[in-house]
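# fold the following for me, if possible:
(one chain, ligands or ions: 1)
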Amino acid sequence: MSFEVRERDLLARIGRLKTKSGTVETPLLFPVINPAIQPIPPRRIREEFGFEALITNAYILKRRFQNQPAEKGLHNFLDFKGVIMTDSGAYQILVYGDVEITPEEIVDYQERIDTDIATILDWPTGWRVSRRYAEQTVNETLKRAAELFKVKKREDILWVGPVQGGRYLDLVAWSASEMAKLPFDIHALGSPTEVMENYRFDILVDMLLTAKMNLPIERPFHLFGAGHPFMFSLAVALGCDFFDSAAYAIYARENRYMTETGTVRLEELEFFPCACPKCSDKNPKEVAELPQKERQAFIAEHNLYACSAEIKRIKQAIKEGRLWEHLEFRAHGHPALLQALKKLKKYEGFLEKHSPTVKRSGLFFFDSVGLVRPEVVRHRIRLSERYAPPKEAEILILMPQTRTKPYHRSEEYKMLVKMLREFPEGHLQRLHVCFYEAPFGVIPLELDEVYPLSQHETAMPLDKETVAYVASQVADFINRSNYRAVLLLHNVEDWGEEVLKACKKVCVAKGIAFRSFKMGRKWVKSLPNFLRKKAFRLGDRS
Ligand SMILES: [Zn+2]
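Numbering: from 1, shown residues only. Below is the predicted model:
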């Protein structure tokens, strides 16, 4: 098996997975095919809709069609030339309690029907279960996982090792770290369906990232049952390379029309907010009047187009390095998604560690949700661990962010430089200028051209949490440096009193001089006078 990563952003990746029936590009959605009730033939799903892979259920195939798929070969049986993945019946265990098949039988069956990607018969933890039961499901799944490598005969099929544990995150961690020891080609998060059905995307974040943190990060990862385009970007950003969707067809049965931000009932639509070939051709009223079967096929096809369009947007966002922005747009489509995004604070270190450092694009900072962005976290870590102010610097001058970037090109900074020309050159080394700004906190003058410190746009005025974050960053910076004095250029309009208070407090605690100057015309005169004072002894150039 080879999985080659071409582009990355956050934990997302555009990659290429080689299977015996061809190479597919990730992130990839596998439409779920139920040969018994299939509104769109598999061949059309590939030829018209461009889906290179699909997933079907080996357990259902075996029950309904016995040896037929094995005799014909699964690709001929389904009339699908792309890549086929099979699930094992684990979902049926979750719904019906048990299946009439053994783990060995389902391994053997998947090999015989010639699937490309196969899944062991794991034991799904489910949701409202006791810890004891959850432990049992993890144990049993691990036992079956180990067993696979003793019973499987073929080497050309990729095997999926699902991680169980449900809402017990320590069990998820344990399950993942044990699964990681086995030579699976792909991993998956098991039993997240109920979590997603209940819109608990914040819990999904916990489950997903706990699994990812305990698995080899380079192995591809599948999220079972993630069928709605409005949450694709969250799943992809957290490192899901594949997902499967039955929702496109199930929703269609109930006249539910997917959009990239949610679901609308056909009856509620006056206009189709979509330009897919289906929606371009008809209006909602005409579709509502179609016979039931045709209407269902229409909506299923639109739903597939909606899924496909969102995957393409996500891939383009990865390529441009703007997946975070895309994620924020989607998160503002539903409170449950925003709640999930806020949960990322807990995992900001892991996200930072595995996100690319250099990108093609700058950042858009909207509000404090963006403070967990890897770029922001990275700057904070690097500034505290790798940065020291120039040796001669005794006096810190803190200037607020300006509209002009890099900041050293701003009018305000030029005024400061002009004013400082009054002092002898040797004395200037004792001064050190830093900017305080959102979202990065403190930017020393000499770093202000380093990516992305001048490649970002920030919405002003800032929210309270962002101001508090910057204030704490300024205080930490002063606290760990050896300045004798701090001079703050204070912009009340943008920053209120918070940064001022934080500076004052840390200076008092350290016993160093502090003085603030209000931005405006006056500071240009009062600051030099202050610098000339005895304590600073900056002499005039003469
Ligand atoms: Zn459409």
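
# buried residues in the longest helix belonging to the chain?
The single longest helix within the chain, with elements called by DSSP state H, is helix 292-320. For helix 292-320, the neighbour count (16 or more other C-beta atoms under 10 Å) marks 295-311, 313-315, 317-318 as buried. In this view, the C-beta of every residue, glycine as well, is placed from N, C-alpha and C.

# now stretch 330-341
Neighbour-count burial for stretch 330-341 [16+ other C-beta under 10 Å]: 330, 331, 334, 336, 337, 338, 339, 340, 341.

# report the two of those separated the most.
330 and 339 (12.8 Å; C-beta to C-beta).

# relative to the whole chain's centre, how far out is stretch 284-294?
Remark: stretch 284-294 is offset 37 Å from the chain centroid, using C-alpha atoms, centre = their mean, to the nearest Å.

# with secondary structure and pLDDT added, can I get the buried residues of stretch 330-341 in TSV?
As requested, these are exported to TSV (DSSP: H, G, I helix; E, B strand; the rest coil; pLDDT from 0 to 100):
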residue	secondary structure	pLDDT
330	helix	96
331	helix	96
334	coil	94
336	helix	96
337	helix	96
338	helix	97
339	helix	97
340	helix	97
341	helix	97
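
# quick check, residue 393 in a strand?
No - per DSSP: H, G, I helix; E, B strand; the rest coil, residue 393 lies outside any strand segment and is coil.

# contacts only, for it.
429, 430, 431, 432, 483 (C-beta atoms under 8 Å, 6 or more residues apart in numbering).

# not counting its neighbours along the chain, what's nearest the last one?
Same thing as residue 483. In this structure, residue 483 finds its nearest non-sequential neighbour in residue 396, 4.4 Å apart by C-beta to C-beta, 6 or more residues apart in numbering.

# how about the residues of this protein near the ion?
Residues of the chain lying close to the ion by C-beta under 5 Å from the ion are 274, 276, 279, 302.

# give me the three-state assignment for the nearest residue to the last one once chain neighbours are set aside.
Distances taken as C-beta to C-beta, 6+ apart put residue 278 closest to residue 302, at 4.7 Å, once the chain neighbours are dropped. Secondary structure of residue 278, reduced to three states by three-state DSSP: helix.

# now could you export just the CA positions of the helix or strand bottoming out on mean pLDDT in the chain as PDB?
Sorting the helices and strands of the chain by mean pLDDT, DSSP states H and E puts helix 90-96 at the bottom, at a mean of 73. Output of helix 90-96 as PDB, limited to C-alpha atoms (Å, rounded to 0.1, in the frame of the first residue of the first chain):
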ATOM      1  CA  ALA A  90     -20.400  -3.800  12.400                       C
ATOM      2  CA  TYR A  91     -23.100  -1.100  11.900                       C
ATOM      3  CA  GLN A  92     -25.700  -3.900  11.900                       C
ATOM      4  CA  ILE A  93     -24.400  -5.100  15.300                       C
ATOM      5  CA  LEU A  94     -24.900  -1.600  16.600                       C
ATOM      6  CA  VAL A  95     -28.400  -1.400  15.300                       C
ATOM      7  CA  TYR A  96     -29.700  -5.000  15.700                       C
END
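
# let's test this: mean pLDDT of the following helix or strand past that helix, rounded?
Note on helix 90-96: by DSSP states H and E, the next helix or strand toward the C-terminus is helix 103-112. Confidence for helix 103-112, expressed as mean pLDDT, is 95.

# what's near enough to touch the closest residue to the ion within the stretch 301-450 of the chain?
Using C-beta to the ion, the closest approach of the stretch 301-450 of the chain to the ion is made by residue 302 at 3.7 Å. Residue 302 sits next to 257, 258, 272, 274, 276, 278, 279 when contact means C-beta under 8 Å, 6+ apart.

# and what of residue 62?
Going by C-beta under 8 Å, 6+ apart, residue 62 touches 101, 106, 109.

# can you check residue 447 too?
By C-beta under 8 Å, 6+ apart, the neighbours of residue 447 are 387, 453.

# okay, it: pLDDT?
So, for residue 447, pLDDT stands at 96.

# also residue 9?
For residue 9, the predicted pLDDT is 96.

# now swap in residue 527 and tell me
86.

# for it, which three-state class applies?
helix.

# surely it meets residue 519?
No - using C-beta atoms under 8 Å, residue 527 makes no contact with residue 519, being 11.0 Å away.

# who touches both of these two?
residue 489.

# and the residue most central in space within the chain, how far is that from residue 81?
The chain has residue 237 as the residue nearest its centroid, 2.5 Å off, counting by C-alpha atoms, centre = their mean. Residue 237 is 31 Å from residue 81, where distance means C-beta to C-beta, to the nearest Å.

# now the helices for the stretch 151-300 of the chain?
All helices of the stretch 151-300 of the chain, identified by DSSP state H, counting those that start in this stretch, fall at 169-179, 193-197, 201-213, 232-237, 247-253, 277-281, 284-288, 292-320.

# what's the closest of the contacts of residue 62 to residue 121?
Checking those one by one against residue 121 (C-beta to C-beta), the nearest turns out to be residue 106, at 4.6 Å.

# what about that closest one, distance to residue 55?
Taking C-beta to C-beta, one finds residue 106 at 15 Å from residue 55.

# for stretch 11-31, list every residue counted as buried.
11-15, 17, 19, 21, 24, 26-31.

# check stretch 458-469 too.
458, 462, 466, 467, 469.

# mean confidence score for it?
95.

# could you do stretch 412-430 as well?
Averaging pLDDT along stretch 412-430 yields 85.

# from the middle of its chain, how far away would that stretch be?
Counting by C-alpha atoms, centre = their mean, stretch 412-430 comes out at 45 Å from the chain centroid.

# may I have it as PDB, with CA atoms only?
Extracted as PDB, the C-alpha positions of stretch 412-430 are listed here (Å, rounded to 0.1, in the frame of the first residue of the first chain):
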ATOM      1  CA  GLU A 412       3.400  55.900  13.500                       C
ATOM      2  CA  TYR A 413       6.700  54.000  13.400                       C
ATOM      3  CA  LYS A 414       8.300  56.600  11.100                       C
ATOM      4  CA  MET A 415       7.300  59.300  13.600                       C
ATOM      5  CA  LEU A 416       9.000  57.300  16.400                       C
ATOM      6  CA  VAL A 417      12.200  56.900  14.300                       C
ATOM      7  CA  LYS A 418      12.300  60.600  13.500                       C
ATOM      8  CA  MET A 419      11.900  61.500  17.100                       C
ATOM      9  CA  LEU A 420      14.600  59.100  18.100                       C
ATOM     10  CA  ARG A 421      17.100  60.700  15.700                       C
ATOM     11  CA  GLU A 422      17.500  63.300  18.400                       C
ATOM     12  CA  PHE A 423      19.500  60.900  20.500                       C
ATOM     13  CA  PRO A 424      23.100  59.800  19.900                       C
ATOM     14  CA  GLU A 425      23.400  56.600  17.900                       C
ATOM     15  CA  GLY A 426      25.100  54.700  20.700                       C
ATOM     16  CA  HIS A 427      22.100  55.300  23.000                       C
ATOM     17  CA  LEU A 428      19.500  54.000  20.500                       C
ATOM     18  CA  GLN A 429      20.700  50.400  21.000                       C
ATOM     19  CA  ARG A 430      19.300  50.600  24.400                       C
END
